[in-house]
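Peer 1: just to be clear, the model below is a prediction. Sequence and coordinates:
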Amino acid sequence: MNAKLVPLRYTLRQGDIVEIVTSPGQHPSRDWLKIVKSTRARAKINQWLKVEERVRSIELGRELFEREARKYHLNPAPLLAGATTSRRSRPTLASRDPTTCWRRSATARARSTRC
């Protein structure tokens, strides 16, 4: 701020010159949500935090699965080879087991029939 470093809590005054110093290793923190004013900035921070939390959850789940697989003397690599993180690439119910396939009747919402 005007060629000086100031805390993020500093309120701008008319005529202030802002220089934003960034680092490639820095990432948003949940604490930033208390400071940020605009809805767009809040949404971007929340989006980044959500993606990071999902990545961490997947990694943790993978580690827990591998630990349990090793406990039962199973090789987790082939079991994880078919696993994907995308919801769209999951097999549908019909492709899993054709005997349990159900389809909804077009005429009745609550009525279901077997394939």
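Peer 2: Done, it's in.

Peer 1: all contacts plus neighbour counts: C-alpha atoms, from now on.
Peer 2: Will do.

Peer 1: which ones are touching the closest residue to Pro28 other than its chain neighbours?
Peer 2: Using Cα to Cα, 6 or more residues apart in numbering and skipping residues adjacent in sequence, the residue nearest Pro28 is Ile45, 6.2 Å away. Applying Cα atoms under 8 Å, 6 or more residues apart in numbering, we find Ile45 in contact with Pro28, Ser29, Arg30, Trp32, Leu33.

Peer 1: what do you get for Leu8?
Peer 2: Counting by Cα under 8 Å, 6+ apart, Leu8 touches Ile35.

Peer 1: pretty sure it sits in a strand.
Peer 2: No - using DSSP: H, G, I helix; E, B strand; the rest coil, the assignment for Leu8 is coil, not a strand.

Peer 1: that older thread, mind putting the contacts of Ile45 into CSV with neighbour count?
Peer 2: Converted to CSV, the contacts of Ile45 look like this (neighbours: other Cα atoms under 10 Å):
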residue, neighbour count
Pro28, 12
Ser29, 11
Arg30, 11
Trp32, 14
Leu33, 15
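
Peer 1: can I get these in a markdown table including distance to Arg67?
Peer 2: A markdown table is the format used below for the contacts of Ile45 (distance: Cα to Cα, whole Å):
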| residue | distance to Arg67 |
| --- | --- |
| Pro28 | 31 |
| Ser29 | 30 |
| Arg30 | 30 |
| Trp32 | 35 |
| Leu33 | 36 |
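
Peer 1: nearest to Pro7, of the residues you listed?
Peer 2: Distance to Pro7, by Cα to Cα, is smallest for Trp32 among the contacts of Ile45, at 12.2 Å.

Peer 1: buried residues, the helix or strand harbouring Ala69. List them.
Peer 2: Using DSSP states H and E, Ala69 maps to helix 39-71. By 16 or more other Cα atoms under 10 Å, the buried positions in helix 39-71 come out as Ile45, Asn46, Leu49, Glu66.

Peer 1: tell me the one of those residues nearest Arg9?
Peer 2: Using Cα to Cα, these come closest to Arg9 at Ile45, 16.9 Å.
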